[in-house]
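**Student:** need coordinates for the below:
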Amino acid sequence: ASTGVTGALRTLVSKEKRRFAQDGFNLDLSYITPRVIAMGFPSEGTEGVYRNPMSEVVSFLENRHHGHYRVYNLCSERSYDPKHFGNRVKIFPFDDHN
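**Tutor:** Numbering: from 1, shown residues only. Got it, this is the predicted structure:
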């Protein structure tokens, strides 16, 4: 769970963006509808300190939506091992707006 310095750092990096900060989670994600979530790219290593850590995203989905979720990766520049999410990943690459 994101608490303390890492949680504060993620909040600072997010600026005015909405975050999910409940039940010990502090993630860059929002419920669009009760069944659709938009979130920042799940990261590992050092990047996970200020972005959504992969382990916390997996924990969030497993705790709140166990067995009833699919991840759609829309990022053309980056990918991750679908095994993190029980191979429930679909890839639809779009170029970043930058």
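**Student:** only C-alpha atoms for contact and neighbour calcs from this point on.
**Tutor:** Noted.
**Student:** pretty sure Arg51 contacts Pro42?
**Tutor:** Yes: the pair Arg51 / Pro42 is scored as a contact, 7.1 Å apart, by Cα atoms under 8 Å.
**Student:** more neighbours, these two?
**Tutor:** The neighbour count for Arg51 versus Pro42, taken as other Cα atoms under 10 Å, is higher for Arg51 (23 against 20).
**Student:** quick one, what contacts the more buried one?
**Tutor:** 10, 27-28, 40-43 (Cα atoms under 8 Å, 6 or more residues apart in numbering).
**Student:** tell me how far it lies from Phe85.
**Tutor:** Computed with Cα to Cα, to the nearest Å, the distance linking Arg51 and Phe85 is 18 Å.
**Student:** same question for Arg70.
**Tutor:** Noted for Arg70: a distance of 8 Å to Phe85, by Cα to Cα.
**Student:** nearest spatial neighbour of Asn73, skipping sequence neighbours?
**Tutor:** Of all residues not flanking Asn73 in the chain, Ile91 sits nearest, at 4.8 Å (Cα to Cα, 6 or more residues apart in numbering).
**Student:** ok, that neighbour - contacts?
**Tutor:** Ile91 sits next to 72-74 when contact means Cα under 8 Å, 6+ apart.
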